[in-house]
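Novice: Pasting the sequence and the predicted model now:
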Amino acid sequence: MATRPSPPVRGALRRLEVLREANFRIFFAGYTTSMLGTSMATVALSFAVLEATGSLSDLSFVMAARIVPMVVFLLGGGILGDRLPRRMIMLCSDWLRALTQGSLAVLLMTGSAQLWQLLLLAALGGVGEAFFKPSFDGLVPHVVSAPRLPDANTMLGLGNSVASVAGPALAGLLVTLVSPATVLLVDAGTYALCALFLMRLRVPESRAASTPGLLSELRAGWGLFTGHRWLWIVTLQFTMFNFAVWAPYLVLGPAAADATYTGASSWGTIVSVYGAGSILGALFLLGRRPNRPLLITTLVTVLWAAPSAALAAQAPLVVVCAGALSAGVANSVFNALWMTTIQQHVPQDALSRVMSYVSFGAYSIGPLGLALAGPVAEHTSISAVLAVGVCWQLAANAFILCLPSVRGVRLTHRAAGSATEPAGERETAATGDEDDPGATETEPAGTPRPS
């Protein structure tokens, strides 16, 4: 006689039911593959520049070169994401990034890479990211049924977290045994593989018949963005976080690992532990719908400053890893709850534009933080720059917690067939065909979701 799974097991399986939707499985597999290569390349590029020039300033400039085009082209990417088929834009972006990473790998393998070439290829990769991200954010609600959207965002964060664990660890090994160029070549292959997965998706490709001018679309997107006070306030907070905390951490973290610990292997361990924390955070959040999601995100993101604090204090490596673990948990919780909140409150035909404003704000002065972190640390110290970021994060989160417009955002209940459900989902949901990318099996009506 077959035994039924215990309640905890049944609960865990129910939280994974989002993977029964074939369209989401394809999307999830492609995204996770791409993120694995990206997490490897982040480690490889840092040590490739340090080995080639030994200059913290050069490392700052190369990392900033990727972010600047993202800031410049994000709003245009948002408009195109609402005008053109989002999958097509993502495909073009993936092939562009595969080409740039492959070219960078070849230059490093032949020993002919010059600083201007590194800057140019990094910038072209940033262009691809600028057009990819708004379309990706806008496509997510179309690859999963409405009641499972929170779990879909959590699963995408989980895939990203798994890649963040495996990627840096593998990159650290390959950088030591082979070369940074080999890692970048692998990254190029993962972008190409992601494009092949995207080609298998079955998603709505049509757009609204009316095509107002670009300025009209930007104004409409801006109106939606500023119409939610919590949306622009948290975006502003994230803007300053990227400038004061994360940009210095990305630039000075590898340098601190090289100066205080054992170099690439230590930094790979720190980044991997951060990814492990993200996995733990996603697993904990999967299937849960907190009543006040933005209150939760503001509380936990204080921990984003933990690894910077440990590095600034030159604490033992195990303490730095503990800080990275807690920051990873915070990152996973923030991303899942934040994205679901936006996707519920913003119309889907404007989602790419609104997300482009969010991303534009978040990254707008990040390049300046990347460019300044190295030179300022050379004139002061790595610890001083990281400590300033820690103090900022603590003060900013305390201020955000005092705002009712953020604390008061609450959970809503929305059933299948709601206004945000993808076109055609109500008809296909009844079939229960798990192998048809357009078919879904929905949760019971009234499933709570963050708002």
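Specialist: On my side now, so go ahead.

Novice: tell me which strands and helices the helix of greatest length in the chain is in contact with?
Specialist: Using DSSP state H, we find that the single longest helix of the chain is helix 22-53. If you count contacts as 3 or more C-beta pairs under 8 Å, 6 or more residues apart in numbering; DSSP states H and E, helix 22-53 packs onto helix 56-83, helix 86-110, helix 115-139, helix 149-177, helix 180-199, helix 247-260, helix 264-285. From N, CA and C alone the C-beta is placed, and that goes for glycine too.

Novice: List the buried residues of it.
Specialist: With burial defined by 16 or more other C-beta atoms under 10 Å, the residues of helix 22-53 counted as buried are 22-50, 52.

Novice: go on, stretch 180-197?
Specialist: Burial within stretch 180-197, assessed by neighbour count using 16+ other C-beta under 10 Å, is assigned to 180-188, 190-195, 197.

Novice: Can you tell me what sits against the strand or helix carrying Val388?
Specialist: In this structure, Val388 sits in helix 382-401 according to DSSP states H and E. Contact with helix 382-401 is made by 233-234, 237, 240-241, 244-246, 248-249, 252, 255-256, 259, 295, 298-299, 301-302, 304-305, 308-309, 311-314, 373, 376-377, 406-407, as judged by C-beta atoms under 8 Å, 6 or more residues apart in numbering.

Novice: got the angle for that helix vs helix 56-83?
Specialist: Put simply, helix 382-401 runs at 30 degrees to helix 56-83, going by axes from the mean of the first three to the mean of the last three C-alpha atoms, to 10 degrees.

Novice: Quick one: distance of helix 382-401 to the chain centre.
Specialist: 22 Å (C-alpha atoms, centre = their mean, to the nearest Å).

Novice: next SSE after that helix?
Specialist: Counting by DSSP H and E, what follows helix 382-401 is helix 404-407.

Novice: What helices and strands are in contact with that following helix?
Specialist: Looks like helix 404-407 contacts helix 229-241, helix 293-300 (3+ C-beta pairs under 8 Å, 6+ apart).

Novice: Distance to Ile79 added to those helices, as a markdown table?
Specialist: Output for the helices and strands packed on helix 404-407, formatted as a markdown table (distance: least, C-beta to C-beta, whole Å):
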| stretch | distance to Ile79 |
| --- | --- |
| helix 229-241 | 18 |
| helix 293-300 | 27 |
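
Novice: how about the ones you listed, which one is nearest Ile342?
Specialist: helix 229-241 (6.9 Å; C-beta to C-beta).

Novice: pLDDT averaged over that closest one - what is it?
Specialist: Mean per-residue pLDDT for helix 229-241: 89.

Novice: for stretch 65-82, same thing?
Specialist: pLDDT averaged over stretch 65-82 gives 78.

Novice: Report the backbone C-alpha coordinates of that stretch in PDB.
Specialist: Extracted as PDB, the C-alpha positions of stretch 65-82 are listed here (Å, rounded to 0.1, in the frame of the first residue of the first chain):
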ATOM      1  CA  ALA A  65      32.500  50.600 -18.800                       C
ATOM      2  CA  ARG A  66      29.900  47.900 -18.700                       C
ATOM      3  CA  ILE A  67      27.400  49.800 -16.500                       C
ATOM      4  CA  VAL A  68      27.500  53.200 -18.400                       C
ATOM      5  CA  PRO A  69      25.800  51.800 -21.600                       C
ATOM      6  CA  MET A  70      23.200  50.100 -19.400                       C
ATOM      7  CA  VAL A  71      22.300  53.400 -17.900                       C
ATOM      8  CA  VAL A  72      22.300  55.200 -21.300                       C
ATOM      9  CA  PHE A  73      20.200  52.700 -23.100                       C
ATOM     10  CA  LEU A  74      17.900  51.300 -20.400                       C
ATOM     11  CA  LEU A  75      15.000  53.700 -21.100                       C
ATOM     12  CA  GLY A  76      15.200  52.900 -24.800                       C
ATOM     13  CA  GLY A  77      15.200  49.200 -24.000                       C
ATOM     14  CA  GLY A  78      12.100  49.700 -21.900                       C
ATOM     15  CA  ILE A  79      10.300  51.400 -24.800                       C
ATOM     16  CA  LEU A  80      11.300  48.700 -27.200                       C
ATOM     17  CA  GLY A  81      10.200  46.000 -24.700                       C
ATOM     18  CA  ASP A  82       6.700  47.500 -24.700                       C
END
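
Novice: Give me the secondary structure label for the nearest residue to Leu56 once chain neighbours are set aside.
Specialist: Closest residue in space to Leu56, ignoring its immediate chain neighbours: Gly374 at 3.5 Å, by C-beta to C-beta, 6 or more residues apart in numbering. With DSSP: H, G, I helix; E, B strand; the rest coil as the basis, Gly374 sits in helix.

Novice: so who does Gly374 touch?
Specialist: By C-beta under 8 Å, 6+ apart, Gly374 lies in contact with 55-60, 251-252, 255.

Novice: In terms of pLDDT, where does it sit?
Specialist: pLDDT, read off for Gly374, is 84.

Novice: any chance of the helices and strands packed on helix 22-53 in TSV, plus distance to Leu368?
Specialist: Formatted as TSV, the helices and strands packed on helix 22-53 follow (distance: least, C-beta to C-beta, whole Å):
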stretch	distance to Leu368
helix 56-83	8
helix 86-110	23
helix 115-139	15
helix 149-177	25
helix 180-199	26
helix 247-260	8
helix 264-285	23
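
Novice: Of those helices, which is nearest Gly369?
Specialist: helix 247-260 (3.0 Å).

Novice: and the angle from the closest one to helix 56-83?
Specialist: Going by the same axes, to 10 degrees, helix 247-260 makes 140 degrees with helix 56-83.

Novice: Kindly export helix 247-260 (C-alpha atoms) in PDB.
Specialist: C-alpha atoms of helix 247-260 as PDB (Å, rounded to 0.1, in the frame of the first residue of the first chain):
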ATOM      1  CA  ALA A 247      30.200  49.300  -6.300                       C
ATOM      2  CA  PRO A 248      33.000  49.600  -3.800                       C
ATOM      3  CA  TYR A 249      32.400  46.000  -2.700                       C
ATOM      4  CA  LEU A 250      32.700  44.700  -6.200                       C
ATOM      5  CA  VAL A 251      35.900  46.600  -7.000                       C
ATOM      6  CA  LEU A 252      37.600  46.400  -3.600                       C
ATOM      7  CA  GLY A 253      36.400  42.900  -2.600                       C
ATOM      8  CA  PRO A 254      38.800  41.100  -4.900                       C
ATOM      9  CA  ALA A 255      41.600  43.500  -4.000                       C
ATOM     10  CA  ALA A 256      41.000  42.900  -0.200                       C
ATOM     11  CA  ALA A 257      40.900  39.200  -0.800                       C
ATOM     12  CA  ASP A 258      44.200  39.400  -2.700                       C
ATOM     13  CA  ALA A 259      45.800  41.600   0.000                       C
ATOM     14  CA  THR A 260      44.500  39.900   3.200                       C
END
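
Novice: Packing partners of that helix?
Specialist: Judged by 3+ C-beta pairs under 8 Å, 6+ apart, helix 247-260 is in contact with helix 22-53, helix 56-83, helix 264-285, helix 306-312, helix 366-379, helix 382-401.
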